[in-house]
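# Provided below for reference: sequence and predicted model.
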Amino acid sequence: MDDRWAYRLAVGFVGLALVAFVIGVAVVAAAGKMVPQQLWDAGSALAGAVLGILQPQPRKPSVTAPLAEITGSLTVLRQPARAAWQGLSDFARELWLNRSVVILLGIFGVSIAFGAHNNAPELRSLAAAAGGVLIGILVPTPSR
């Protein structure tokens with residue numbers, strides 16, 4: 001099986017699972033019963049996974065360092081402050097290019113910590129959604 005078909009099947013099945021979740025919650029609510037919190041958590045994770053899969057992948061920065069810094073270590077040894085500044089600049093550029101991942105990691109971590117400490121189901125659902133989005137974003141898409 002081709003990687004692209006496997007990817008399409010996975011996206012399709014996650015989408016179908018989300019539709020089944022919505023129908024299931026509607027049936028439970030129509031019966032006049034409370035929807036269990038675990039079901040909301042699972043639905044949040046599914047919705048997050050769909051959003052993450054449909055997001056573009058994090059970008060890699062382009063190489064902007066001069067050729068002398070790449071090939072010759074003497075330039076780096078002569079100018080350690082410049083090399084350190086270049087490293088910090090590259091790190092900041094990578095963070096900026098992938099800021100969605102950094103923000104989602106922050107949301108995931110904070111909601112896990114406060115959700116566990118305060119026994120808050122809403123924060124657990126938020127953590128499930130953020131985790132689903134992170135998994136969807138970080139899973140590589142098949143090559144074309």
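Sure, I can see it. Just so it is clear, the structure is predicted and the values come from calculations on it, not from any experiment.

# residues touching the closest residue to residue 136 other than its chain neighbours, list them.
Nearest-residue entry for residue 136: residue 52, 1.9 Å, with adjacent residues in sequence omitted and distances by C-beta to C-beta, 6 or more residues apart in numbering. C-beta coordinates here come from the backbone N, C-alpha and C atoms, glycine included. Contacts for residue 52 were tallied using C-beta atoms under 8 Å, 6 or more residues apart in numbering; they are 132, 133, 134, 135, 136, 137, 138, 139.

# Buried residues, whichever strand or helix holds residue 10. List them.
Under DSSP states H and E, the secondary-structure element containing residue 10 is helix 3-30. For helix 3-30, a neighbour-count test (16 or more other C-beta atoms under 10 Å) marks 11, 14, 17, 18, 21 as buried.

# One more: stretch 95-103?
Judged by neighbour count using 16+ other C-beta under 10 Å, the buried positions of stretch 95-103 are 98, 101.

# in this protein, which spans are helices?
Applying DSSP state H to the chain gives helices spanning 3-30, 37-54, 67-71, 73-78, 80-97, 99-118, 121-138.
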